[in-house]
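Peer 1: How does the following fold in three dimensions:
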Amino acid sequence: MEPIQAAQALDFSLVALFARASLTVKIVMILLIVASFWSWAIIIQKFLAFAASRREAARFDRAFWSGEPLDDLYDRLGERPKGASERIFAAGMTEWRRSHRDDGALIPGGVQRIDRAMNVSIQREESRLFRGLSFLATVGSTAPFIGLFGTVWGIKTAFEGIAMSQNTSLAVVAPGIAEALLATALGLLAAIPAVIFYNKLSGDAERVVGNWEAFADEFSTLLSRQLDGEA
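Peer 2: Reported below is the predicted structural model:
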């Protein structure tokens, strides 16, 4: 009964387990905690950014399909459009105006240049949209192994303590094993949300990019119709 009573007398709170852990395990724990907080910061920021992007796209779609002349819409947006959809539209309209000669005729290859300008703008917005998601993927794939390393190191330290004390009682074994397992728990705590939200946010980002590409195709079709009408 004495070993059990001694083990019960120990403090097994998270703070106490961290305080008793070896320096290596503490570094692992701190690294995992920082990675978890950073992951959640990215997740929250991306949810806010995607919500703002959807609102901006809906607002621009209403303006684009309102029947307002495209030149007037472009002039109203100004030189520094705010949203991603507006910037893609502005890239196409800027190249559209540059591709006309003084007599109003379109320079040969102008349609292809307009498409390329919008594609470059889409790629730029896509890069901005996916920024930070690679960190979630990295945390999701590496955090369990980092935690496992902390666990292995903690168990090694615990067995070293057992060998030095020549005592295998529960009071000696339990604290070291508990500290070691805490590293694995922190690794899973960081990895699981990172994997879940990486998949969720990646899917949302791909849908947003798909909407931009669909808009660029529709816009290019409108310009082609206008050219056919002028011809």
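Peer 1: lowest average confidence, helix or strand, in this protein?
Peer 2: When each helix and strand of the chain is scored by mean pLDDT, DSSP states H and E, helix 2-9 comes last, with a mean of 47.
Peer 1: can you give me the helices for the chain?
Peer 2: Under the criterion DSSP state H, the chain contains helices at 2-9, 14-20, 23-64, 70-77, 84-98, 110-130, 133-165, 170-230.
Peer 1: export those to CSV and tack on mean neighbour count?
Peer 2: (Each C-beta comes from the backbone N, C-alpha and C, glycine too.) CSV is the format used below for the helices of the chain (neighbours: other Cβ atoms under 10 Å):
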stretch, mean neighbour count
helix 2-9, 12
helix 14-20, 14
helix 23-64, 16
helix 70-77, 14
helix 84-98, 21
helix 110-130, 17
helix 133-165, 17
helix 170-230, 17
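Peer 1: Worst mean pLDDT among those?
Peer 2: With a mean of 47, helix 2-9 has the lowest mean pLDDT of the helices of the chain.
Peer 1: Run the chain-centre distance for stretch 37-51.
Peer 2: 7 Å (Cα atoms, centre = their mean, to the nearest Å).
Peer 1: contact partners of it?
Peer 2: The contact list for stretch 37-51 (Cβ atoms under 8 Å, 6 or more residues apart in numbering) reads 129, 132-133, 135-136, 139, 190, 193-194, 197, 201, 204-205, 208.
Peer 1: 6 Å instead, please
Peer 2: The contact list for stretch 37-51 (Cβ atoms under 6 Å, 6 or more residues apart in numbering) reads Gly132, Leu136, Val139, Ala194, Phe197, Leu201, Asp204.
Peer 1: The second one against Tyr198, yeah?
Peer 2: Yes. Counting by Cβ atoms under 6 Å, Leu136 does reach Tyr198; the two are 4.0 Å apart.
Peer 1: Tell me who's in contact with the spatially most central residue of the chain.
Peer 2: For the chain, the residue nearest the mean C-alpha position is Leu133 (2.7 Å; Cα atoms, centre = their mean). By Cβ under 6 Å, 6+ apart, Leu133 lies in contact with Leu201.
Peer 1: any idea how far Trp96 is from Asp115?
Peer 2: 11 Å (Cβ to Cβ, to the nearest Å).
Peer 1: same thing with Ser66?
Peer 2: 24 Å.
Peer 1: quick one: the nearest residue to Leu32 once chain neighbours are set aside from Phe135, how far?
Peer 2: Counting by Cβ to Cβ, 6 or more residues apart in numbering, Leu32 lies nearest to Leu186, which is 4.2 Å off, once chain neighbours are set aside. According to Cβ to Cβ, Leu186 and Phe135 sit 17 Å apart.
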